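Engineer: Here is the input, now give the coordinates:
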Amino acid sequence: MANGHEVREKVREGYARIAESGVFLAGDQEKQPSGGSCCGGGSCCGPVALSSDQLAAQIGYSAEEIESLPEGANMGLACGNPAAIAALRAGEVVLDLGSGGGFDAFLCGTKVGPSGRVIGVDMTPEMLAKARRNIAAYRERTGLDNVEFRLGEIEHLPLPDASVDAVISNCVLNLSPEKRQVWQEIARVLKPGGRVAVSDLALLHPLPEAVLSRIDALVGCVAGAELIADTERWAKEAGLVDVVIKPKPEYVAALTQFDDPLYREIASLLPDGAITDYLTSADISARKR
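Structural biologist: Residues are numbered from 1 along each chain as shown. Down below sits the predicted model:
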């Protein structure tokens, strides 16, 4: 695996292409994979057999939520529904890590209402521009002006200490080369008693180097996934308590069932060929003392 800076730049490049065209074309080394989804088919970018709306419905978003979004906000990049486990309340300040086109941020905006605030942070300028363009449609549909998007890295959040009530993230933490620091930043910006609600991919067993070295597997949210035990340890070391990680194997099983191209290639590199024995989606919750 490349060093942290190289990993971050590869991810930034991949998601810039997704924001601009909806298709990621940086396959394994110099080979570009076939398939129509943004990662050549795979992981947080959704299976080619399902549309973005179908994928969102499959992982727990209601038809009303999906229909309420500005056009283009749902890019099929989710692997869970963190807002559903965040128990958001009116008036709260919410931080969305890796906010992309604004999918979860806009949904959270309607939950916290006019007295609340949602701040999305993303390191890819193209994603940030896309999200900001969607604000006008969100305002028109909801009458709310409570969502903003900031350029920044989740390892160095552009927010002051103890400034948010809840931190959410949807299939993004796995993309960071410095996950321990991300958890420290989450704890830093949370108010006392603040909550964490993350949906992400996690490992049940370590992946072989043949998978870890693939750029498409990195941008496709597989190669950067970490063992559940490591994620739990980093969250606790950051000072968070009541850390609960709930595996949700249905997501990865669905991608496998729909014969996702990236997952198919990854399975061919595994000793037993069963990706569900290695990878799972998970809901992660915690709070600050």
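Engineer: The residue nearest to the spatial centre of the chain and residue 252, how far apart?
Structural biologist: When CA atoms, centre = their mean is applied to the chain, the residue found nearest the centroid is residue 171 (2.3 Å). Going from residue 171 to residue 252 by CB to CB, to the nearest Å gives 12 Å. Every residue, glycine included, has its C-beta placed from N, CA and C.
Engineer: between these two, what contacts are shared?
Structural biologist: Listed as contacting both residue 171 and residue 252 by CB atoms under 8 Å, 6 or more residues apart in numbering are 201, 281.
Engineer: what's near enough to touch the residue nearest to the centre of the chain?
Structural biologist: 43, 44, 77, 78, 79, 80, 98, 199, 200, 201, 221, 281.
Engineer: just residue 205 next, same as before
Structural biologist: Taking CB under 8 Å, 6+ apart, one finds 227, 277, 278 in contact with residue 205.
Engineer: cutoff 6 Å now
Structural biologist: When contacts are counted by CB atoms under 6 Å, 6 or more residues apart in numbering, residue 205 touches residue 278.
Engineer: how about it, secondary structure?
Structural biologist: Recorded secondary structure, residue 205: coil (DSSP: H, G, I helix; E, B strand; the rest coil).
Engineer: Phi and psi next, for it.
Structural biologist: phi -140, psi 150 (degrees, to the nearest 10).
Engineer: Then residue 242?
Structural biologist: Main-chain torsions, residue 242, degrees, to the nearest 10: phi 50, psi 40.
Engineer: And for the one 3 residues further on?
Structural biologist: Reported as degrees, to the nearest 10, the phi and psi values for residue 245 are phi -120, psi 120.
Engineer: Show me what it is bridged to.
Structural biologist: Taking DSSP bridges as the rule, residue 245 bridges to residue 284.
Engineer: And for residue 195?
Structural biologist: Beta-bridge partners, per DSSP bridges, of residue 195: residue 166, residue 287.
Engineer: And residue 131, which helix or strand is it part of?
Structural biologist: Assigned by DSSP states H and E, residue 131 belongs to helix 125-142.
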